[in-house]
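1. whatever this is, show me its structure:
(chains A and B)
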Amino acid sequence: MEHNPESHWVEAKLAALEPTWQPNLARARTLAQPRKQFSSWILAATAASLLLVALPQTRALAQSLWQRLTLNRIEALRVDLSALPVDSSIKTNGLARKVASIEEATTAAGYTPHLPKLGSIPEILVNGPISLTQTFRTATPFAVRTEFGPSVLANYPEELQVAQSQTPQLFFPPDLDIEQLIEKTFRSIGVPAAEASRLARNFKSQPALLLQIPPEEDAQLTEITLRHGPAMLVEERNDQGKPERFTILFHTADRLYSISAADKTLAIRAANLID
Amino acid sequence: MSTATSPTQDLEDLFEAHFGRITRVIGRVIHNQARAEELAVGVFLKWQRNQQLPPGWLYRVAVREAFDELRRIQRRQRFEPLFAAFRPSPPTPAQLHESTVEQNQVRKVLASLDRRQSALLVLWSEGLSYNELASALEIAPNYIGSLLSRSKESFRKEYLKRYGTQS
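-> Below is the predicted model of the structure:
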């Protein structure tokens, strides 16, 4: 360690960056949990499709006073919404449990998980439900809320992860024009007006859980076809630019899926094996 | 049913040991606690995919993620007029405190330096030992001292070039 005046001067300048807060380990654990379920982008879902599950008594209230949309598809977009003036809060009921069988998972989640039969036995976890409220810091603040889960996560020994959840619900104030909100949101982050308008119209006609993948992320999105229909394949690359993780996002009539593996063929095969 | 829990336990142990420090490293660069925690969690989840990586890798990636985020923030400021529809409420005293002129100046200077130098300065200011710095940056330990001296000098010169006096 140097002790000359210049070194002390630099040290003093750098000390200005000392955080005035203490890291919140409990919040971090909450953040880590859902990210394990649905790839690393799940918590970065867009402003209009973030997650919220109200407690049972408030849920009934929400459904009577709020407009509701069922997000029955999943769509990945190369956008970065982290600069939006939005405050987020995440709640869960604390459920994060390893279960011993599909039957036990059914009891815990409230629905029967559909899992591919690969010959190996997965470790099954049931999480959630998760709730996330986003409050927009506009002149008249307003909130949108999404309910999501419980979700079922199956980790196979072949480094394959199958995550699923029943379709999320988006709640928003009755006087909020959701199409306009989506369009303004995209425009505010630099999406061209025509494209923002198209995305907003698409969302209104076919509401989707929108997952953002920042443009800086080294990932490639490709549309593929499964036996269930169209799906999105997200190929992530490591620091050396080599493919590292393949995630397939798709939906069925009542469920959203994320299938993730280190091997693309395995990911596609598993997705096609889901009933 | 598999009962193997060691990978999860490995992550848990690493999380317990390093989360606070990793978050503070990121927080030095971007200062937003919530965002720093999110990025830190992301670093651990990346580590989870390739668990033979040493803990030093966490710090290297954390600094990189922090500066990438800082670049994104600076880039977004160019689109500030577009945020008129979502104009945030006036900053609170705490927010003002967090955005002092000096902090912004230090961040800008760090962001302008060679990546390895800025990473070294951020990690050094968080109190990492020379061995920890060497592990994080994949540099021979006996090279850290001279690299640190050069990094400080680069910082000082760049700061003075941009902002003048060494007060």
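
2. quick one, what contacts the nearest residue to residue B:71 once chain neighbours are set aside?
-> For residue B:71, ignoring the flanking residues on the chain, the nearest one in space by C-beta to C-beta, 6 or more residues apart in numbering or on different chains is residue B:111 at 6.9 Å. The C-beta positions use only the backbone N, C-alpha and C, and glycine is treated the same way. The contact partners of residue B:111, by C-beta atoms under 8 Å, 6 or more residues apart in numbering or on different chains, come to B:67, B:70-71, B:74, B:118.

3. pLDDT value on residue B:111, please?
-> We have a pLDDT of 88 for residue B:111.

4. all helices of the stretch 151-275 of chain A, in order?
-> A:178-188, A:193-205, A:264-273 (DSSP state H, counting those that start in this stretch).

5. circling back: any buried residues in the host helix or strand of the residue nearest to residue B:71, and which?
-> If you go by DSSP states H and E, residue B:111 is part of helix B:101-112. By neighbour count on 16 or more other C-beta atoms under 10 Å in any protein chain shown, the buried set for helix B:101-112 is B:103, B:106-107, B:109-110.

6. which of the residues you listed come close to chain A?
-> Counting by C-beta under 8 Å from any C-beta of the partner chain, the subset of the buried residues of helix B:101-112 that neighbours chain A consists of B:103, B:106-107.

7. among those, which has the minimum pLDDT value?
-> For those, the pLDDT minimum is residue B:103, 84.

8. which residues does that residue contact?
-> Per C-beta under 8 Å, 6+ apart, neighbours of residue B:103: A:16-17, B:31.

9. re earlier: turn the helices of the stretch 151-275 of chain A into JSON lines, including mean pLDDT.
-> Formatted as JSON lines, the helices of the stretch 151-275 of chain A follow (pLDDT from 0 to 100):
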{"stretch": "helix A:178-188", "mean pLDDT": "84"}
{"stretch": "helix A:193-205", "mean pLDDT": "89"}
{"stretch": "helix A:264-273", "mean pLDDT": "95"}
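
10. now the helices for chain B?
-> B:6-30, B:33-48, B:55-76, B:93-98, B:101-112, B:115-125, B:130-137, B:141-163 (DSSP state H).

11. nearest to residue A:233, out of those?
-> Proximity to residue A:233 (C-beta to C-beta) singles out helix B:33-48 among the helices of chain B, at 19.8 Å.

12. show me what from the stretch 101-250 of chain A comes close to chain B.
-> For the stretch 101-250 of chain A, the residues in contact with chain B (C-beta under 8 Å from any C-beta) are A:101, A:121-124, A:136-139, A:141, A:155, A:157, A:184-185, A:187-190, A:214, A:216, A:239, A:244-245.

13. return a PyMOL selection command for the buried portion of those.
-> To isolate the buried members of these in PyMOL, using 16+ other C-beta under 10 Å:
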select buried, chain A and resi 122+123+124+136+155+184+185+187+188+189+190+214+244+245
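
14. the residues of the stretch 101-250 of chain A next to chain B in strands, which ones?
-> Those of those mapping onto strands are A:123-124, A:136, A:155, A:244-245, per DSSP state E.

15. of those residues, closest to chain B?
-> residue A:123 (4.9 Å; C-beta to the nearest C-beta).

16. put together CSV for the helices of chain B, with distance to residue A:4 on each row.
-> Supplementary listing: those in CSV, determined by distance: least, C-beta to C-beta, whole Å:
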stretch, distance to residue A:4
helix B:6-30, 23
helix B:33-48, 32
helix B:55-76, 25
helix B:93-98, 31
helix B:101-112, 19
helix B:115-125, 15
helix B:130-137, 18
helix B:141-163, 9
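
17. indicate which one of those is closest to residue A:169.
-> That would be helix B:33-48 among the helices of chain B, by C-beta to C-beta, at 23.9 Å.

18. the closest one to helix B:6-30, inter-axis angle?
-> With axes from the mean of the first three to the mean of the last three C-alpha atoms, to 10 degrees as the basis, helix B:33-48 and helix B:6-30 are set at 140 degrees to each other.

19. returning to that earlier point: pick out the most distant pair among the ones in strands among the residues of the stretch 101-250 of chain A next to chain B.
-> A:123 and A:136 (38.9 Å).

20. quick one: which of the contacts of residue B:103 is most hemmed in?
-> The most crowded member of those is residue B:31, carrying 23 neighbours; neighbours defined as other C-beta atoms under 10 Å in any protein chain shown.

21. shouldn't that one be in contact with residue A:19?
-> Yes - using C-beta atoms under 8 Å, residue B:31 is in contact with residue A:19, at 6.9 Å.

22. point out where the stretch 51-200 of chain A drops to low pLDDT.
-> For the stretch 51-200 of chain A, residues meeting the criterion pLDDT under 70 lie at A:51-66, A:81-84, A:90, A:92, A:94-95.

23. how about the strands in it?
-> Using DSSP state E, counting those that start in this stretch, the strands of the stretch 51-200 of chain A run over A:67-70, A:74-77, A:86-92, A:96-99, A:123-127, A:130-136, A:142-148, A:151-156, A:160-166, A:169-172.
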